[in-house]
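Enquirer: Here you go, sequence then predicted model.
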Amino acid sequence: MSAAVSYERVRDQLATLGLDAALTSLDPVLARGQQDAKVAVEVLDELLGLELAARFERRIATNRKLAGLPTLKTLESFDFAAQPEIPKPTVDELATLRFLHQGENVLLLGPCGVGKTHLATGLALTALARGHRIYFLTLHDLVTKSRAARDRNRLGLFMQTLLRPALLILDEIGYQPLERADATCLFELVNKRYQMQKSIILTSNKSFGQWDEIFPDTALATALLDRLLHRATTITIRGESYRLRHRRQAGLAGPPLNAGGTHPAA
């Protein structure tokens with residue numbers, strides 16, 4: 001069989017197998033192999049490596065579309081100087097994703113605008129870049145979607161959607177009180193992921209001592225916290241909102257409040 005016939009057959013076989021990246025790269029890989037006097041197995045290794053890399057990138061792109069992330073803020077873009085109380089070594093450790101492999105949770109607490117969602121999104125993007133499936137939703141979205149699923153008798157399917165990803169991000173816990181059915185749904189979600197040893201990143205503007213303000217009874221709040229905190233890293237962020245600080249720098253807001261909640265004397 002001539003080399004020309006073999007070449008055309010290889011192209012046809014790559015196309016039939018759906019190895020699009022390998023097919024696209026075939027000519028330059030063959031050319032480099034001939035120029036560098038590579039043996040056949042080295043050429044094949046490079047070609048398959050390019051195909052696998054392309055498939056990995058496509059999987060990341062698909063996972064990102066399905067993730068529901070509100071923004072694409074990375075950990076690298078987080079301003080740690082503006083929030084010096086955040087332990088950067090702890091965040092760096094979380095960025096290794098060891099917590100994800102060990103089925104641990106990350107709980108980010110603090111007032112509005114201090115960077116909780118940015119950190120959660122940054123960790124989620126890190127997980128996505130390493131091939132993990134993630135899903136992001138706010139508590140409001142969880143309540144709205146679970147109610148709609150319940151009305152259509154599809155709550156079980158909706159819960160499966162939230163149990164499937166390796167990492168679930170629950171944002172803005174505490175901005176609204178929960179009715180019993182919604183609180184029970186949240187508890188079941190957390191409890192099932194706890195049993196499966198799948199990680200949750202949760203952000204809240206409430207301290208743990210204030211969670212009885214969110215839930216219809218203290219027992220449910222305690223049971224939920226018990227599962228969240230059993231294997232977890234908690235970061236409490238204190239400080240001023242980024243947005244308020246930027247308004248102040250622009251001369252659009254008054255001076256920062258002191259510890260007593262009043263403006264300092266002029």
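Expert: Cool, got the structure. Source: prediction; values computed, not measured.

Enquirer: hang on, Met159 packs against Asn191?
Expert: No: between Met159 and Asn191 there is no contact, the gap being 11.0 Å when judged by Cβ atoms under 8 Å. For the C-beta atoms, the positions are set from N, CA and C on the backbone; glycine is no exception.

Enquirer: In space, what's closest to the most centrally placed residue in the chain - neighbours in sequence excluded?
Expert: The chain has Ala124 as the residue nearest its centroid, 2.2 Å off, counting by Cα atoms, centre = their mean. Of all residues not flanking Ala124 in the chain, Ile134 sits nearest, at 4.8 Å (Cβ to Cβ, 6 or more residues apart in numbering).

Enquirer: Tell me which residues touch the one you found, please.
Expert: Asn63, Ala67, Leu69, Ala124, Ala127, Leu128, Pro165, Ala166, Leu167, Leu168, Ile169 (Cβ atoms under 8 Å, 6 or more residues apart in numbering).

Enquirer: Turn these into JSON lines, including distance to Lys88 and pLDDT.
Expert: Formatted as JSON lines, those follow (distance: Cβ to Cβ, whole Å; pLDDT from 0 to 100):
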{"residue": "Asn63", "distance to Lys88": "27", "pLDDT": "69"}
{"residue": "Ala67", "distance to Lys88": "25", "pLDDT": "88"}
{"residue": "Leu69", "distance to Lys88": "22", "pLDDT": "91"}
{"residue": "Ala124", "distance to Lys88": "18", "pLDDT": "95"}
{"residue": "Ala127", "distance to Lys88": "19", "pLDDT": "95"}
{"residue": "Leu128", "distance to Lys88": "22", "pLDDT": "92"}
{"residue": "Pro165", "distance to Lys88": "27", "pLDDT": "96"}
{"residue": "Ala166", "distance to Lys88": "24", "pLDDT": "96"}
{"residue": "Leu167", "distance to Lys88": "21", "pLDDT": "97"}
{"residue": "Leu168", "distance to Lys88": "25", "pLDDT": "98"}
{"residue": "Ile169", "distance to Lys88": "20", "pLDDT": "97"}
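
Enquirer: of all these, which comes closest to Gly209?
Expert: Ile169 (23.2 Å; Cβ to Cβ).

Enquirer: Can I take it that the closest one is in a helix?
Expert: No: per DSSP: H, G, I helix; E, B strand; the rest coil, Ile169 lies outside any helix segment and is strand.

Enquirer: No further queries at this time; thank you.
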